[in-house]
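1. okay, here's the prediction I keep looking at, along with the sequence it came from:
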Amino acid sequence: MTSIKRTTEKNLMVFSGRAHPELAQEVASLLDISLVPTTAYEFANSEIYVRFQESVRGSDAFVIQSHTAPVNEWIMEHLIMVDALKRASAKRITVVMPFYGYARQDKKHRGREPISARLMADLFKTAGADRLIAVDLHTAQIQGFFDGPVDHLMALPILSEYVKKKYAHLDMAQELAIVSPDAGRIKVAEQWSARLGGAPLAFIHKTRDIHRPNESVANRVGGEVQGRTCILVDDMIDTGGTIVKAAEALVKEGAADVIIAATHPILSDPAVDRLKNSPASEIVVTNTLPIAQDRHFDKLTVLSIAPLISRAIHEVFADGSVTSLFDGQA
């Protein structure tokens, strides 16, 4: 015998960290598999220990962890899980980040600042990640920070489909406006417009003090919003200051109604109070991050991102096309 032949059978395994297990469970259910049982705990000095309770040798491993608060703790757990998989001989390791921690630190505004989003990519590569799957990165350039394939998923189809159905009674071109909270997100607003029957665009001209994080000043509205229902779109809501000031500026300019649509509900204090008291009639988000029960409120609508993530995992596993999930608009 000159060689040994083996029929290789691909083995899909999904793993979850402890940051947002409900989302991972939903993803696994949609894939019709179970999450791999995992032991994870902290030692007395807060170091994290992880061990998988099944063999992962030769598997196509997908490790899901959303970088919610406390961000550094869950990133470290994510890295340790990847390292454990690498050392247990997983064939391919795909890191699934519904929310990519440190994504806002993607460039230097001043001297002697880090580019932490790049550091994150380097850490996961060093830990053993072969591929990344992320949802609505703060800027598309982050894809280039990771030395390997990156699947950049967009919540836009899920959010826009909900808005389209709920506000179907409106004449999209005459009674609706898509509003970007700053000039930098106009491209995203254009994609929303294309999906909502060519609704006109507007944007908020704002300034931000680089010395004061999470604070901005909404200056003026560019575009026609008077008498229209305005869909205010952004990638995340952290403290809610920017988005609420934008909503107030729209109402001041004569908007008939404001609906806020964002992918990532970080909702750091005092976001919930700000959103509750804002002029927006509805805040639509996805469950890329866990939302504690006491942070739910009447205006908040949470849509599941799990179908999108599960389809992306299936396409990667089957060597299919992730781009096809967006009708060729990836």
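-> Received the coordinates, thanks. Numbers count the residues shown, from 1 in each chain.

2. isn't residue 261 right up against residue 235?
-> No - with contact defined as C-beta atoms under 8 Å, residue 261 does not reach residue 235; the gap is 10.3 Å. For the C-beta atoms, the positions are set from N, CA and C on the backbone; glycine is no exception.

3. which ones are touching residue 10?
-> 60, 317 (C-beta atoms under 8 Å, 6 or more residues apart in numbering).

4. over to it: give its phi and psi.
-> Note on residue 10: its backbone torsions stand at phi -70, psi 140 [degrees, to the nearest 10].

5. end-to-end on stretch 165-179?
-> 19 Å (C-alpha to C-alpha, to the nearest Å).

6. so how far is stretch 140-157 from its chain's centroid?
-> The chain centroid and the centroid of stretch 140-157 are separated by 11 Å under C-alpha atoms, centre = their mean, to the nearest Å.

7. and for stretch 12-28?
-> The chain centroid and the centroid of stretch 12-28 are separated by 15 Å, computed with C-alpha atoms, centre = their mean.

8. how about residues contacting that stretch?
-> 31, 33-36, 38, 40, 52, 54, 56, 59-68, 74, 77-78, 81, 85, 90, 98, 287-290, 304-306, 309-310, 313, 317.

9. list the buried residues in it.
-> 13-17, 19-21, 23-28 (16 or more other C-beta atoms under 10 Å).

10. same thing with stretch 51-59?
-> In stretch 51-59, counting by 16+ other C-beta under 10 Å, buried: 52, 56, 59.

11. circling back to that earlier point, which among the contacts of stretch 12-28 count as buried?
-> 31, 35-36, 38, 52, 56, 59-68, 74, 77-78, 81, 85, 90, 98, 287-289, 304-306, 309-310, 313, 317.

12. which ones among the residues you listed map onto helices?
-> Those of those mapping onto helices are 74, 77, 78, 81, 85, 306, 309, 310, 313, 317, per DSSP state H.

13. show me where the stretch 201-330 of the chain dips below the pLDDT cut-off.
-> Applying pLDDT under 70 to the stretch 201-330 of the chain flags residues 206-219, 327-330.

14. that one: helices as residue ranges?
-> 241-252, 271-276, 306-317 (DSSP state H, counting those that start in this stretch).

15. same list (the ones you listed) but as JSON lines, adding distance to residue 94.
-> Listed next are the helices of the stretch 201-330 of the chain as JSON lines, based on distance: least, C-beta to C-beta, whole Å:
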{"stretch": "helix 241-252", "distance to residue 94": "32"}
{"stretch": "helix 271-276", "distance to residue 94": "31"}
{"stretch": "helix 306-317", "distance to residue 94": "6"}
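
16. ranking the ones you listed by burial, who's on top?
-> helix 241-252 (a mean of 22; mean count of other C-beta atoms under 10 Å).

17. ok, back up a step: okay, residue 261 and residue 235: which has more neighbours?
-> residue 261 (26 against 20; other C-beta atoms under 10 Å).

18. could I get the contacting residues of the more buried one?
-> 159, 160, 163, 231, 232, 233, 234, 284, 285.

19. residue 48 against residue 38, yeah?
-> No - between residue 48 and residue 38 there is no contact under C-beta under 8 Å: 11.7 Å.

20. one step back: next, format the buried residues of stretch 51-59 as a markdown table and append distance to residue 280 and pLDDT.
-> A markdown table is the format used below for the buried residues of stretch 51-59 (distance: C-beta to C-beta, whole Å; pLDDT from 0 to 100):
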| residue | distance to residue 280 | pLDDT |
| --- | --- | --- |
| 52 | 43 | 98 |
| 56 | 45 | 97 |
| 59 | 45 | 97 |
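
21. distance check, residue 126 against residue 146.
-> From residue 126 across to residue 146, the span is 11 Å (C-beta to C-beta, to the nearest Å).

22. neighbour count winner among the two?
-> A count of neighbours by other C-beta under 10 Å puts residue 146 above the other of residue 126 and residue 146, at 20 against 11.

23. surely the more buried one and residue 124 touch.
-> Yes - with contact defined as C-beta under 8 Å, residue 146 counts as touching residue 124 (7.2 Å).

24. between these two, which contacts overlap?
-> Counting by C-beta under 8 Å, 6+ apart, the contacts common to residue 146 and residue 124 are residue 132.

25. for residue 160, see how far away residue 322 is.
-> Counting by C-beta to C-beta - residue 322 and residue 160 are separated by 19 Å.

26. so which of these two has more stuff around it?
-> The neighbour count for residue 322 versus residue 160, taken as other C-beta under 10 Å, is higher for residue 160 (22 against 19).

27. returning to that earlier point: ok, so of the contacts of residue 261, who is nearest residue 9?
-> residue 159 (37.7 Å; C-beta to C-beta).

28. domain parsing for this structure?
-> 12-154+307-326, 156-303 (automatic domain parsing).
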